[in-house]
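need the 3D shape of this:
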Amino acid sequence: LDRPAGALAVVGALPAGSTAALDVVARALPEKLLRRLAAFRGEWTEELFVAAATGALGDVAVGPGGLMPNAAIALIIGPRVVAAAAPGAQVGVTVRNVKAGQECSSSSSSNSSTS
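Residues are numbered from 1 along each chain as shown. Next comes the predicted model:
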């Protein structure tokens, strides 16, 4: 993986009828993500990062039918940022480009489901 690298996961409410504790899901999500990232040794594309993030969300699915928690993950890998959200959750990304002597410009996007 490129460096520096980091991840941020936000876990909200669990689906109705779930018996799992929210803190258990929140602790399991980074572990599942790291296992998926460590399993692949090739060239990482944005699509592979999204697949790893959505796969980790699926790994922590709880309750009957494997219901996913209301969660979103952002991966920061070198100059790239990749974000994914569980179905029903939203993720927004704002990017600011700042160059010496210039004002910053920004763009943002939002996604209500994984892709």
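
now do the phi/psi pair for the spatially most central residue of the chain.
Closest to where the C-alpha atoms of the chain average out (C-alpha atoms, centre = their mean) is I73, at 1.8 Å. The phi/psi pair for I73 (degrees, to the nearest 10) reads phi -130, psi 140.

pull the number of nearby residues for P30.
15 (other C-beta atoms under 10 Å). For the C-beta atoms, the positions are set from N, CA and C on the backbone; glycine is no exception.

for it, which three-state class applies?
helix (DSSP: H, G, I helix; E, B strand; the rest coil).

how about it, nearest residue that isn't a chain neighbour?
Excluding its sequence neighbours, the residue lying closest to P30 (C-beta to C-beta, 6 or more residues apart in numbering) is A9, at 6.4 Å.

and for L14?
P69 (5.1 Å).

pretty sure the one you found sits in a helix.
No. Assessed by three-state DSSP, P69 does not belong to a helix; its assignment is coil.

return the distance of it relative to T94.
As judged by C-beta to C-beta, to the nearest Å, P69 and T94 stand 24 Å apart.

which one of these two is surrounded by more residues?
Higher neighbour count among P69 and T94: P69, with 25 against 10, using other C-beta under 10 Å.

for L75, which residues make a bridge with it?
Counting by DSSP bridges, L75 is bridged to A7, V82.

so what's it up against?
A5, G6, A7, F49, A52, A53, V81, V82, A83 (C-beta atoms under 8 Å, 6 or more residues apart in numbering).

switch to 10 Å and redo it
Listed by C-beta atoms under 10 Å, 6 or more residues apart in numbering, the contact partners of L75 are 1, 5-9, 33, 37, 44, 46, 49-50, 52-53, 81-84.
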